[in-house]
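Peer 1: I'll drop the sequence and a predicted model, then ask my questions.
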Amino acid sequence: MPTDDLLMTIYRAMERHFGDLSWWPADSPFEVAVGAILTQNTNWKNVERAIAALKGRGFMTPTAIAKAEDVEIAACIRSSGYYNVKTKRLKAFVQFLEEGYGGEMETMCAGDMWPLREKLLGVNGIGEETADSILLYAGNMPIFVVDQYTKRILGRHDIVGERWKYGEIQQHCMRHLPHDAVLYNQYHALLVNTGKHFCRRRPLCDECPLCSIGSREDRT
DNA sequence: TGCCAGGCCGGGT
DNA sequence: ACCCGGCATGGC
């Protein structure tokens, strides 16, 4: 099967199973960015409590985080792990946001996608996945987000190789899919959900909605 | 009970 | 250009 069709077949199979996820639970674009930083290598459940604590203390705004002491932020986000480094990362991001865009996510997201992506990557603590999550889920920009689940699942179907790097996977998927923010939003959400519920450690499983599609075993 | 989670950085080869 | 240790909590 051509890559284009395979990617869409996988998409439809996941969507059949999970439905419309309309993803990134957050009350604002800024909260999306905060969540993107806090969820780095961390279970989302632990992040939810950290976000609730930040909101409870009135810290879910760029200026509030900028003015707060490190220990105040760290105390709120303790449950999300790596709380010291993540405090620094949140501080670095809000500084970037205030200096460059008057603290307004809408202003930041008004710029062109790829140049903005480069700027985000220059912020300490923002790597490729975090930058792309912000662009897609806070800015509604058409960029394909890659994470461990993406690598595992697309690798499982031989769409990408084991050693492919982030950018290679992203470019490959974007070459073979329409450049559509709504599609990429759903696609990534579905991959994460599928990865969570199935395909965790085993390369094959019986229940996974994807394991019968275009697998190595099917072709050979 | 260990292993893992929606990574990233900095230093070393 | 790759590889690795560090960062840390809570869930299953």
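Peer 2: Nice, thanks for sending it over.
Peer 1: CA only for contacts and neighbour counts going forward, please
Peer 2: Fine.
Peer 1: Wait, residue A:17 touches residue A:210, no?
Peer 2: No. Using CA atoms under 8 Å, residue A:17 is not in contact with residue A:210, being 9.7 Å away.
Peer 1: who has more neighbours, those two?
Peer 2: residue A:210 (24 against 13; other CA atoms under 10 Å).
Peer 1: Could you report the pLDDT at that one?
Peer 2: pLDDT for residue A:210: 77.
Peer 1: And for residue A:220?
Peer 2: Value listed for residue A:220 in the pLDDT field: 35.
Peer 1: what residues does chain A put near DNA strand C?
Peer 2: Within reach of DNA strand C by CA under 7 Å from any atom of the strand, chain A has these residues: A:41-43, A:45-46, A:78-86.
Peer 1: Mind putting these into CSV with distance to residue A:28, secondary structure and neighbour count?
Peer 2: Below are the residues of chain A next to DNA strand C laid out as CSV (distance: CA to CA, whole Å; DSSP: H, G, I helix; E, B strand; the rest coil; neighbours: other CA atoms under 10 Å):
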residue, distance to residue A:28, secondary structure, neighbour count
A:41, 22, coil, 11
A:42, 21, coil, 14
A:43, 21, coil, 13
A:45, 19, helix, 11
A:46, 19, helix, 16
A:78, 22, helix, 18
A:79, 21, helix, 20
A:80, 19, helix, 25
A:81, 23, coil, 19
A:82, 24, coil, 15
A:83, 22, helix, 20
A:84, 24, helix, 15
A:85, 23, helix, 14
A:86, 20, helix, 22
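Peer 1: Would you mind giving these as CSV with pLDDT added?
Peer 2: Below are these laid out as CSV (pLDDT from 0 to 100):
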residue, pLDDT
A:41, 97
A:42, 97
A:43, 95
A:45, 95
A:46, 97
A:78, 98
A:79, 98
A:80, 98
A:81, 98
A:82, 98
A:83, 98
A:84, 98
A:85, 98
A:86, 98
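Peer 1: Show me the shaky parts of chain A.
Peer 2: A:199-206, A:214-220 (pLDDT under 70).
Peer 1: Spell out which residues make up each domain of it.
Peer 2: For chain A, the structural domains run A:3-22+A:145-219, A:29-138, going by automatic domain parsing.
Peer 1: Ends of the last one, what's the gap?
Peer 2: Between the opening and closing residues of domain A:29-138 lies a distance of 4 Å (CA to CA, to the nearest Å).
Peer 1: same check, this time on stretch A:138-157
Peer 2: Taking CA to CA, stretch A:138-157 runs 30 Å from one end to the other.
Peer 1: and what of stretch A:64-74?
Peer 2: End-to-end distance for stretch A:64-74: 14 Å, by CA to CA.
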